[in-house]
Every structure is written in C-alpha cells, then in structure tokens.
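A.B. asks: Return atomic coordinates for the entry below.
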Amino acid sequence: MGTTMRADLTRRRVISILAAGVALPAFARGARAGNPEPFRWQGIVLGAAADLTLYAADRAQAGDALAAALAEIARLEGIFSLYQPDSALSRLNREGRLDAAPFELRELLSQAIQLAAASHGRFEPTIQPLWKLLADHFAGSDADPAGPSAAKLAAVRAVVDYRAVRFGEGAIVFDRPGMQVTLNGIAQGYISDRIGALLKQRGFSHALVNLGEALAIDRRPDGGAWTIGVPAPDDRAHLVTKLEIAGGAVATSAGRGMTFDASGRFNHIIDPQRLVCADPDRSITVLAPSAAIADGLSTLGALLPDPRRDLPPHLAAFGARAFVYSTRGNSIDWI
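C.D. replies: As a prediction, this is how the structure comes out:
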C-alpha cells in the first residue's frame, strides 16, 4: 500500500486565530446602529484554511468589502496556484517561460529570489522539482521508506537554482529545462498583505486577515489586541503559546504541516543544500511588519540547521522577532 501524504487541509501553516473571549458572529448577522460588530468569512485559500474578520457598523459595507476581498483572493490564486492548470505560475512551470507575466508574479518572485540570495540559496523558490520527486516517490505502492535514491535526488537537484530565473521585458524565463517554481513559502503572506491593503483603502481600521498567516490591522475596536494561538507542530489541539498583536503579522512554519511519511522525516519544507527536510519536531514563529516577510522568514527559519544562531541577522534586516518551539522538552526559545 502506498504511503499517504498527511496534511490538515494541505496546510503549510499552523496558525490558530482566537477570539480573545469575544464570540464572532456569522457574516449574516447585522450590526447595531453606530456600533462596529465583527463580520467573519471562512474558507480555503491556496489549499490552506483561511478566515477574514473585520469590524463594521454597517452590514452592507461589510458585505461589499468581503466580496471585494474574496474577488481579489480569487484573482491572486489565479496567478500563484500550483493546482490550477491555467494559473500564471502553472503556465510558467509548464512552458519554462511566461511572456507578459502578471505584475504580482514578477514582484513576488523577485522578492523570493532576494530572500534566496540573502540566505545563499537556503530559501529556494525553484524547489518544486524536489517536492514533486518526494511526492511521486511516496505515492508509489512499494515506496522505499528511506526516500528517493541519491542518484534521483542529484539529478533533480541540478535544476534547482534561483540564479537561473531571468526577468526581462515583462517576461519570466527559466534558463534550464525542467525548472519549476513554487511560491508556497511566501505567497499566502503576500496575499494577506494585499487583502489588508484593500480593507484599509475601504476605510476599515480594525480587521484580522488570516490566509495561512495572520495580519492584524490595528487593534480590535475595544482597544484590545488580537490573540494569536500557536499550536504545537505535532498536536494542533495543543497551543504552545498565545501572542497578543496590535498590528503586524505572525507566521509559523513547521515540517509537520504536510508530510510524505508517517515519521515526518520527509515533509514539504526541503533544504536544497543538504537535501533533507525540516526537523519535524520543530516549528518557527515569526512576528514581522508584513505577512509576506513573516511568511518567508518563518520558512527560512524552518530550513536552517540552527535557526537560533543563523536566523537573527535576517530578522534584524526586516525588524522581525521569532521563537523556536521544540517538542523535545516542549521548549520555546525567543531569538
């Protein structure tokens, strides 16, 4: 029997949004005149559980804003999705070139490549062929539990190199055949930022956007902070801590967000240099000014052999903070 990929809604992230003691009404509930009330939407974005919470004194205003946000989410999914065959990213991966590439794809891929360069290739947006190799290997009925052979890993590793991505005249081009990009290490944060900006433009000053990463727009109307629960990587029912934020973003990366084998040794966060996956007994949580930064840095932290030593310079560059949680001893270490 083949090994089944294990995931919760294929979610890479393990962020839990708590109501901080305030019951959130369903979207259909109206607001009392003059008093802002919370309106909430829940669904799936890029394969991850997602929700939006915004405060409004007018139900119609909230409905219009949520409709606009969902339309923008759908548009951006049509650019970044690996699972929609006609998405801009899917076409780029299939053809190795995309002329007139959408601005958002060029912008986010450029940001991912900058993080790749800063981390000397540890964060690697062209990692998708290695991910596919693991997925195909463990989907087999007689999959070797030790993983793909060294020869197969080396062959696929040869096409993983962010430096072989070129931009020019609105186009994105791969310099090597067989290359593929994934932006799953940063796209959900980017989309959260875009939705946060949309809500601000529409006059909403109190909102929480959680599209895999949590982005807070100011505080709640009562002046209280938003409470973000961070579950353990091996048991989402167990919160390792609760964070209070009044703006900015939180992202958590954990290898156990999606695994290819029962042990978690082979998972979705792959180090292209060592050809190993992230430690399944560890998670990295980053607090940053934007969700894209938090998303990318948490992914990078999960990849580092020693994030306590190697992540701080990257955090300092973006004004971010982070902690490492380990199931070995149930410890939290701020870095």
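
A.B. asks: and the lengthiest strand in the chain, average pLDDT?
C.D. replies: Counting by DSSP state E, the longest strand found in the chain is strand 235-245. Across strand 235-245, the average pLDDT comes to 92.

A.B. asks: What ranges does the stretch 1-150 of the chain have for its strands?
C.D. replies: 6-7, 16-18, 37-45, 48-56, 97-98 (DSSP state E, counting those that start in this stretch).

A.B. asks: And the contacts of the last one?
C.D. replies: Read that as strand 97-98. Strand 97-98 is contacted by residues 88, 91-92, 105, 171-174 when judged by C-beta atoms under 8 Å, 6 or more residues apart in numbering. Quick note: C-beta positions are derived from backbone N, CA and C, even for glycine.

A.B. asks: Each with direction, which strands does that strand pair with?
C.D. replies: strand 171-174 (antiparallel) (DSSP bridges).

A.B. asks: Just the mean pLDDT for the partner strand, thanks.
C.D. replies: Mean predicted confidence for strand 171-174 is 99.

A.B. asks: Output it as PDB - backbone C-alpha positions only.
C.D. replies: Coordinates of the C-alpha atoms in strand 171-174 are reproduced here as PDB (Å, rounded to 0.1, in the frame of the first residue of the first chain):
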ATOM      1  CA  ALA A 171       8.700  38.100 -19.100                       C
ATOM      2  CA  ILE A 172      10.000  35.400 -16.700                       C
ATOM      3  CA  VAL A 173      12.300  32.800 -18.200                       C
ATOM      4  CA  PHE A 174      13.900  29.700 -16.900                       C
END
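
A.B. asks: check contacts around G147.
C.D. replies: 134, 137, 153, 265-266.

A.B. asks: Would you mind giving me the PyMOL syntax to select the buried ones in the residues you listed?
C.D. replies: The following PyMOL line selects those of the contacts of G147 that are buried, judged by 16 or more other C-beta atoms under 10 Å:
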select buried, resi 134+137+153+265+266
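
A.B. asks: still on that earlier bit, between the strands of the stretch 1-150 of the chain, which one is closest to C277.
C.D. replies: Comparison of these against C277 by C-beta to C-beta identifies strand 6-7 as nearest, at 13.2 Å.

A.B. asks: Now do that closest one, average pLDDT.
C.D. replies: On average, strand 6-7 scores 44.

A.B. asks: just the contacts of strand 97-98 now: which is nearest L130?
C.D. replies: F174 (15.3 Å).

A.B. asks: surely F174 meets L109?
C.D. replies: No - shown here, F174 and L109 do not form a contact pair, counting by C-beta atoms under 8 Å, at 11.2 Å.

A.B. asks: Common neighbours of those two, please.
C.D. replies: V165.

A.B. asks: quick one: the helices in the stretch 51-200 of the chain?
C.D. replies: 59-80, 88-95, 103-118, 128-139, 150-157, 187-201 (DSSP state H, counting those that start in this stretch).

A.B. asks: what's the neighbour count on G248?
C.D. replies: 19 (other C-beta atoms under 10 Å).

A.B. asks: Quickly note the distance from it to A118.
C.D. replies: 21 Å (C-beta to C-beta, to the nearest Å).

A.B. asks: Many thanks, we can stop here.
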